[in-house]
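Asks: Give me the fold of what follows.
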Amino acid sequence: PNAYCLRVRGQSMFPAIRDGWYVLIEPNGEPQVGEYVLIKLRDGRRMVKELMYRRQLSIEVVSVNGGERLSFDYSELDDRGMQAVGAVVSPSKWRPD
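Replies: Below is the predicted model:
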């Protein structure tokens, strides 16, 4: 329930997720370590990352392309904070209906 999809723009997540592909977000899902997540920050930034660790006061994520590792305090996340990515879909497989 309440799942939605985002269309990726740009090459920042290449080669794992490419420009024009779709990311299915499952806001009611429980993200697990090692899975992709959508991070929503209070400052308005949104990003798809791989969840590495959950700590008592923070999370650690890594860029999907294997680059930069980042840590965020839970206080930096907005009310919807971190949501599970259910699937990454290429344009040829996307059927919005």
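
Asks: Can you check which strand is longest in the chain?
Replies: Determined from DSSP state E, the single longest strand within the chain is strand 77-89.

Asks: What are the phi and psi values at the closest residue to residue 8 other than its chain neighbours?
Replies: Using C-beta to C-beta, 6 or more residues apart in numbering and skipping the chain neighbours, the partner closest in space to residue 8 is residue 21 (5.0 Å). The C-beta positions use only the backbone N, C-alpha and C, and glycine is treated the same way. Residue 21 has phi and psi values of phi -80, psi 170 when expressed as degrees, to the nearest 10.

Asks: Hmm, residue 21 is touching residue 87, no?
Replies: No. With contacts counted by C-beta atoms under 8 Å, residue 21 stays clear of residue 87, the gap being 10.3 Å.

Asks: residues in contact with residue 53?
Replies: Neighbour list for residue 53: 33, 59-60 [criterion: C-beta atoms under 8 Å, 6 or more residues apart in numbering].

Asks: who does it bridge with?
Replies: residue 60 (DSSP bridges).
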